[in-house]
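J.: Predicted structure and sequence below. I'll ask about it afterward.
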Amino acid sequence: MKKVIMGSIVLAVLSISCNRSDDTRTNTVTEIVTFGEDLAFLNEHTEVVVLSDEAGQAQVVVSPAMQGRVLTSTAAGSDGMSYGWINRELIASGERQEHINVFGGEDRFWLGPEGGQFSIFFEGGDPFEMEHWYVPPAIDWDPFLVVAQERDRIVFEKAMRLTNYSGTTFDLEVDREVRLSGRAEVAEGLGVALDTTVQVITFESVNTITNAGDEAWTKEGGLLSIWILGMFTPSPATTVVIPYRSGDEQALGPIVNAAYFGEPPPDRLIIEDDVIYFSGDGEYRSKIGLTSKRSKSVFGSYDADNRVLTLVQYTMSETATDYVNSMWEIQEDPYAGDIINSYNDGPPEPGAEPLGPFYELESSSPAVALAPGESLTHMHRTIHLQGNEEALDRIAVETLGKTLNEIRSAFAP
């Protein structure tokens, strides 16, 4: 019998701030693409499935060929704003890339760890450098099989075999469901009132991995984690906001891990007494993460130009202590990794092209030693709210603990 391991729901919120300028950034408004425009483009170049509510206002586009990912969504039908970032150039080309196929999408299924002695992105003995980094085809190029479909939900399956840096082979079965949630369910889950002036779209992915092999997965041989990443359009005014648990570093560890691609400069990462601000402008490659000891129920974003508040909820175990470490190095503690991350894209080196650009909000499951037939499940829910700023401000205060004005002012000159 399968054993499904789940924890309590944790809320995450993403925030975008607009009043910022410096020597490398310009205050320009990102061009807005409608959901109908994105859907027409996708229908021209690939097969997609559209999920919707009964009124046809809340809609999401899902791609079975692209690992069952949610590519984009809207709260207001075809003429509404398209919330996800998609790579039109790559999708239109139909060409497979060597290291990663950055199709985009608001919710894509990955597995960790990315770096270290148990990495599934590097082959054993290779240096942890970009030229040796490859996303496994099963989570990058291969299609997922549709096994059930209704108006507001779709279910996928995928069998995988992966080998990590240390030579451990994993046979696993992936089950992934994408489904919409109703307005009343969203309000109850957030514990806030949703004003009628606010448009809402909520979707979630419920992701399960099962040990389909004959051997148990062990910490000594390496473990896997479910890793869900949401990609969003960057702008010079994008600020990721992460409230955190304050306290002694000897007990809770460092406040934030900012060393993934080198420490960001002070104008891109600000650590205050109760909150972290991180730039998401798509112009400087950097990444930060928080452990489960530091993470709170929110991290996240507000688009002040378009009055869009984006919230993310995810499964968080109250008892788990092991999270895979994805640092690009041989690690002293491979299970001292992060539960939430934010990535800002940009050129990997001077003169090079960025992957997108885009920025990401990410959540991860614990790393669990699974016996044959046992399973691990992780839920990642994305909520977009758009409309009256006074109503959105009340929601931001109740979820982020910050007013929209405080968020907008974070990087103001």
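T.: Perfect, thanks for sending it.
J.: ok, for the most centrally placed residue in the chain, nearest residue in space, not its chain neighbours?
T.: Geometric centre of the chain, nearest residue: residue 229, 2.4 Å, by CA atoms, centre = their mean. Nearest in space to residue 229, with sequence neighbours left out and distances taken as CB to CB, 6 or more residues apart in numbering, is residue 362 at 4.6 Å. Backbone N, C-alpha and C define where each C-beta goes, glycine included.
J.: quick one: that neighbour and residue 337 touch, right?
T.: No. In this structure residue 362 lies outside contact range of residue 337 using CB atoms under 8 Å: 11.6 Å.
J.: returning to what we had before: got a pLDDT number for the residue nearest to the centre of the chain?
T.: Residue 229 carries a pLDDT value of 98.
J.: Then it would be within a strand, right?
T.: Yes. Per DSSP: H, G, I helix; E, B strand; the rest coil, residue 229 lies within a strand segment.
J.: what sits opposite it in the beta ladder?
T.: residue 108, residue 362 (DSSP bridges).
J.: wait, it sits on residue 112?
T.: No. Judged on CB under 8 Å, residue 229 makes no contact with residue 112 at a distance of 10.4 Å.
J.: Which residue is the nearest non-sequential neighbour of residue 148?
T.: Residue 148 sits nearest to residue 155 (CB to CB, 6+ apart), 4.0 Å away.
J.: Go through the helix or strand in which that neighbour is found and flag the buried ones.
T.: Using DSSP states H and E, residue 155 sits within strand 153-163. Across strand 153-163, burial judged by 16 or more other CB atoms under 10 Å covers 153-156, 158, 160, 162.
J.: What of stretch 329-346?
T.: Applying 16+ other CB under 10 Å to stretch 329-346 flags 331, 334-346 as buried.
J.: can you check stretch 135-148 too?
T.: In stretch 135-148, counting by 16+ other CB under 10 Å, buried: 135-136, 138-141, 144.
J.: Pick the one among those closest to residue 413.
T.: residue 135 (38.5 Å; CB to CB).
J.: so that closest one makes contact with residue 97?
T.: No. When contacts are counted by CB under 8 Å, residue 135 is not listed as touching residue 97 (9.3 Å).
J.: thinking again about what came up before, for the buried residues of strand 153-163, which one is nearest residue 31?
T.: When the buried residues of strand 153-163 are compared for distance to residue 31 (CB to CB), residue 154 wins out at 29.8 Å.
J.: What does the pLDDT read for residue 397?
T.: 89.
J.: three-state assignment of it?
T.: helix.
J.: In this structure it contacts residue 403, no?
T.: Yes. Residue 397 is in contact with residue 403 according to CB under 8 Å; the separation is 5.8 Å.
J.: residues in contact with residue 330?
T.: Taking CB atoms under 8 Å, 6 or more residues apart in numbering, we find residue 330 in contact with 116-117.
J.: Use 26 as the first number from now on
T.: Okay, residue one is now 26; in that scheme the one you just asked about reads as residue 355.
J.: That one sits in which helix or strand?
T.: Using DSSP H and E, no helix or strand contains residue 355.
J.: What distance do you get for it to residue 174?
T.: Here the criterion is CB to CB, to the nearest Å. By it, residue 355 lies 44 Å from residue 174.
J.: And residue 302, by the same measure?
T.: Residue 302 is 41 Å from residue 174, by CB to CB.
J.: Name the residue in the two with the higher neighbour count.
T.: residue 302 (18 against 14; other CB atoms under 10 Å).
J.: ok but that one is inside a helix, no?
T.: No. Counting by three-state DSSP, residue 302 falls outside a helix, being strand.
J.: who's it bridged to?
T.: With DSSP bridges applied, residue 302 shows beta-bridge pairing to residue 266, residue 295.
J.: ok, now how distant is it from residue 93?
T.: Using CB to CB, we find residue 302 at a distance of 33 Å from residue 93.
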